[in-house]
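S.K.: Got a predicted model here, sequence first, then my questions.
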Amino acid sequence: MNEQTKTFEAGRTEMELLTVFVENQLFGLNVDKVQSIVQYDPKLVTSLPENQPGVAGMLLYRNQTIPLMDLSQILDIELEQEFENEIIVVTEFNKTINSFKAQGVNRIYRLPWKEFTPLDQLFEDNSFFTGSVNVDDNQILILDLEHILAKIFPEVLIEEISQEVLDQNELVQRSQLDIVFAEDSPTMRKAMMKQLKKAGFENIEAFINGEQAYNHLVQNYKTHSDEAKQKVVLISDIDMPVMDGLTLCRKVKSNSDLKDIYVVMFSSLINDQMIDRCNKIKADNCVSKPEINQLIKILDKRC
């Protein structure tokens with residue numbers, strides 16, 4: 001399979017899933033995070049002396065070495081037979097390149113977001129999935145790659161706040177800002193809330209998609225004074241169900257009652273092309289995950 005061309009547009013109402021086999025079970029991955037699919041060759045894998053559970057070693061890929069994770073180990077699925085044509089899915093997000101071994105590739109599905117069923121909140125704390133979809137009479141669980149990496153490489157999810165940034169709280173009074181945060185990954189949402197509160201931001205409302213965040217802004221800030229709205233910051237992921245972050249930003253900036261709210265896109269998909277799209281919908285700033293120190297410096301300028 002050739003490298004994916006990422007064509008994320010504001011207003012996209014569909015999700016694209018690459019489905020792979022782990023043993024004989026189907027799982028879905030977000031196409032926007034997939035760089036390529038290659039044939040598994042054990043000769044290109046170097047074992048590590050003290051492998052963490054789920055880490056198969058380091059893969060030689062395009063003249064560099066990247067971590068190789070084994071999805072069957074991570075998901076605790078026992079392989080009942082040998083597979084001759086295993087594959088590797090190479091991903092790129094959060095400014096890192098990683099790879100995941102599976103037993104085969106199925107196909108890419110393009111589905112309306114309304115067919116996505118979010119994971120029950122009772123199970124989201126320790127789950128490797130964001131939700132599920134039903135296609136071709138199969139219930140397909142969608143992998144939360146950020147959660148998987150966070151279990152193995154915690155620093156990939158979100159960086160630690162520097163002491164310099166922590167000390168700045170006494171000078172800028174971060175508690176005066178109202179932060180509205182839209183993020184569909186339970187793992188990232190909770191990590192962000194924890195780090196922002198650690199930094200001194202007290203007024204944070206978190207939502208699992210853009211629609212919920214937009215409704216909150218309309219209900220709570222539509223009648224506020226212009227000065228009050230300038231103390232509100234919307235931080236949004238880009239790829240979310242129901243309403244994506246680009247659509248959310250466009251709706252906020254085109255609403256005469258909300259257009260003064262400062263919008264920061266905080267996503268693992270930030271690159272030059274995505275920054276251009278964010279500029280076109282009048283986002284005020286863009287920050288790539290996991291760079292929370294850079295995000296906080298931007299928020300400080302609003303204080």
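M.R.: Ah, there it is.

S.K.: who's Tyr61 bridged to?
M.R.: Gln64 (DSSP bridges).

S.K.: Please report how far it lies from Phe27.
M.R.: According to C-beta to C-beta, to the nearest Å, Tyr61 and Phe27 sit 21 Å apart. Every C-beta, even on glycine, is put in place using the N, C-alpha and C of the backbone.

S.K.: Which of the helices or strands spans the spatially closest residue to Ile97 that is not a sequence neighbour?
M.R.: In this structure, Ile97 finds its nearest non-sequential neighbour in Ile66, 5.0 Å apart by C-beta to C-beta, 6 or more residues apart in numbering. Applying DSSP states H and E as the criterion places Ile66 in strand 64-70.

S.K.: Of Tyr61 and Phe27, which one has the most company?
M.R.: Shown here are Tyr61 and Phe27; by other C-beta atoms under 10 Å, Phe27 has more neighbours (23 against 18).

S.K.: For the helix or strand hosting the more buried one, name the packing helices and strands.
M.R.: For Phe27, the host element (DSSP H and E) is strand 25-30. Contacting strand 25-30 under the criterion 3 or more C-beta pairs under 8 Å, 6 or more residues apart in numbering; DSSP states H and E are the following elements: strand 14-22, strand 138-143.

S.K.: pLDDT on the shortest one, on average?
M.R.: For strand 138-143, the mean pLDDT works out to 92.

S.K.: what's the answer for the longest one, then?
M.R.: Averaged across strand 14-22, the pLDDT comes to 94.

S.K.: Which residues does that strand contact?
M.R.: 26-32, 34, 37, 71-72, 75, 77, 87, 89, 102-113, 116, 133, 140, 142, 241 (C-beta atoms under 8 Å, 6 or more residues apart in numbering).

S.K.: and the direction of it versus that of strand 64-70, what angle?
M.R.: With axes from the mean of the first three to the mean of the last three C-alpha atoms, to 10 degrees defining the directions, strand 14-22 sits at 80 degrees from strand 64-70.

S.K.: tell me which residues in strand 14-22 are buried?
M.R.: For strand 14-22, the buried set under the neighbour-count rule, 16 or more other C-beta atoms under 10 Å, comprises Met15, Glu16, Leu17, Leu18, Thr19, Val20, Phe21, Val22.

S.K.: Tell me the buried residues in stretch 177-194?
M.R.: Residues of stretch 177-194 classed as buried: 177-189, 191-193 (neighbour count, 16+ other C-beta under 10 Å).

S.K.: Helices - which of those residues land there?
M.R.: Among the buried residues of stretch 177-194, DSSP state H puts Pro186, Thr187, Met188, Arg189, Ala191, Met192, Met193 in helices.

S.K.: any idea which of those residues is closest to Arg302?
M.R.: Met192 (16.9 Å; C-beta to C-beta).

S.K.: In the chain, which residue is most central in space?
M.R.: The chain has Ser268 as the residue nearest its centroid, 5.5 Å off, counting by C-alpha atoms, centre = their mean.

S.K.: Distance check, the closest residue to that residue other than its chain neighbours against Ala283.
M.R.: Leaving out its chain neighbours, the residue that sits closest to Ser268 by C-beta to C-beta, 6+ apart is Phe93, at 3.6 Å. For Phe93, the distance to Ala283 (C-beta to C-beta) stands at 19 Å.

S.K.: Dump the ones in helices among the buried residues of stretch 177-194 to a markdown table, plus distance to Leu48.
M.R.: Compiled in a markdown table, those are given as follows (distance: C-beta to C-beta, whole Å):
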| residue | distance to Leu48 |
| --- | --- |
| Pro186 | 29 |
| Thr187 | 24 |
| Met188 | 26 |
| Arg189 | 31 |
| Ala191 | 26 |
| Met192 | 30 |
| Met193 | 33 |
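
S.K.: That concludes my questions; thank you for your assistance.
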